[in-house]
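S.K.: Need a 3D model of the following:
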Amino acid sequence: MTLGIGIIGLGVMGADHAETLASCISGAHIAAVTDLDSERRAGAAERHRARGQATADDLIADPTVDAVIIASHDSAHAAQVEQCIRQGKPVLCEKPLAPSAEECLRLRDMEADLGLERPLVSVGFMRRFHEPYRQLRETLRSGDLGRLVLLHEVHRNVRAYPGTSASSIVTNSAIHEIDITAWLLDSPIVEASWHAPRLPDSPSDWHAPQLIHLRTAAGTLASVEVSVDYRAGYYVHCEVVGENGSARMAQPPAAHLTSNLKESTRLAPDWRPVFADAYRRELQEWTDSIAADRSTTLASADDALDAALVAEAVLASMNNEGVPTPVRRPELANTRATKGTNSDVK
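M.R.: Just a heads-up that it's a prediction; the model follows:
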């Protein structure tokens, strides 16, 4: 018997998850789908031979749905995750878990109050499953680089989506770097600052690129360059520097062109081809952990809360002329961790 998966939101990520589940994931099938766009919902239901539910609440309550993927608009995440917790159904929510740290804390505590051995909430920080990041982490854990001092990260999207703002670039794009920095360095981020060049032709409501500085509890510094209108192509990179040497992320294979007296490498148009295998690994691990009734190695509600608290400090610095800002961590966040959480990718 396979797990029945319900998918909320059938835009870019929801549609991608549906295709991956249908073609690559063992032990699961798409039981139900929903989307605010009725035509999109009906089309996906027909394509995947699933039920088309009118609302997210209907999908979560559907008895044929054993677990839920949330790929809806960020603003809907908190209410939908809460409903999954109330229904006792495992949920994989695309980042962010909720738009604010306060909402993330509430959801984390709601889950923790259940006292479960296996947490219900997983969060889609899929970079933890990207092989180049995993190899970097193994290198760092080997100790070959000595004491770590610096980490450099680059995150460039080809174009901004409608509604992009300076703050959403942090909470929706740079949030990946915030999470992966703490995961790679195995140390919480304790301070953040935000900076941007003064470009006269930049849109009035957001900045590109943004430069974010992070400091971990171990003293390592991280620089994050994030841009949402890097028209040359999608690009992500990471390099770590230690006292004895450095290591950088291996780039995924790409077509190398030679013509017209020049050589060039074709870049991806967006993140999907770059992280396709990471999404597949993430979804397979999620379904396997549910079927085996064990803790998942995906990011947890605690991890999502921590990333949101760091993002909150970045935004505070943004609104205070780039002043370095301590990360506020409520004592509650350190004392009510969900039982059984294991965010370490094997």
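
S.K.: Kindly spell out which helices and strands sit in contact with the strand or helix carrying Ala222.
M.R.: In the assignment (DSSP states H and E), Ala222 maps to strand 221-227. The contact analysis (3 or more CB pairs under 8 Å, 6 or more residues apart in numbering; DSSP states H and E) places strand 221-227 against strand 148-156, helix 175-185, strand 210-216. Placement of C-beta: from N, CA and C, glycine included.

S.K.: Strand partners (parallel or antiparallel) of it?
M.R.: strand 148-156 (parallel), strand 210-216 (antiparallel) (DSSP bridges).

S.K.: how far away is the residue nearest to Leu283 when sequence neighbours are not counted from Leu211?
M.R.: Among residues not flanking Leu283 along the chain, Ile25 sits closest, at 5.2 Å (CB to CB, 6 or more residues apart in numbering). For Ile25, the distance to Leu211 equals 38 Å [CB to CB, to the nearest Å].

S.K.: between those two, who's got more neighbours?
M.R.: The residue with more neighbours, out of Ile25 and Leu211, is Ile25; 20 against 16, by other CB atoms under 10 Å.

S.K.: Can you verify my assumption that that one contacts Asp288?
M.R.: No - if you go by CB atoms under 8 Å, Ile25 and Asp288 don't touch, sitting 9.3 Å apart.

S.K.: what lines up beside the helix or strand that Ile5 is a member of in the sheet?
M.R.: According to DSSP H and E, Ile5 maps onto strand 3-8. Paired with strand 3-8 in the same sheet, following DSSP bridges, are strand 28-34 (parallel), strand 67-70 (parallel).

S.K.: Residues contacting that strand, please?
M.R.: Residues outside strand 3-8 that contact it (CB atoms under 8 Å, 6 or more residues apart in numbering): 14, 17-18, 21, 27-35, 44, 53, 56, 59-60, 62, 64-72, 76, 80, 287, 290-291.

S.K.: for this structure, which spans come out with low pLDDT?
M.R.: 199-207, 251-255, 331-346 (pLDDT under 70).

S.K.: returning to that earlier point: now the strands paired with strand 221-227 as JSON lines including distance to Val236?
M.R.: Formatted as JSON lines, the strands paired with strand 221-227 follow (distance: least, CB to CB, whole Å):
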{"stretch": "strand 148-156", "distance to Val236": "6"}
{"stretch": "strand 210-216", "distance to Val236": "15"}
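
S.K.: The one helix or strand Glu103 maps to: how far from the chain's middle?
M.R.: Per DSSP H and E, Glu103 falls inside helix 101-112. Distance of helix 101-112 from the chain centroid (CA atoms, centre = their mean, to the nearest Å) equals 17 Å.

S.K.: since we're on the closest residue to Arg280 other than its chain neighbours, how many residues are nearby?
M.R.: In space, Arg280 comes closest to Cys24 once its chain neighbours are excluded; the distance is 5.1 Å by CB to CB, 6+ apart. When neighbours are counted by other CB under 10 Å, Cys24 registers 14.
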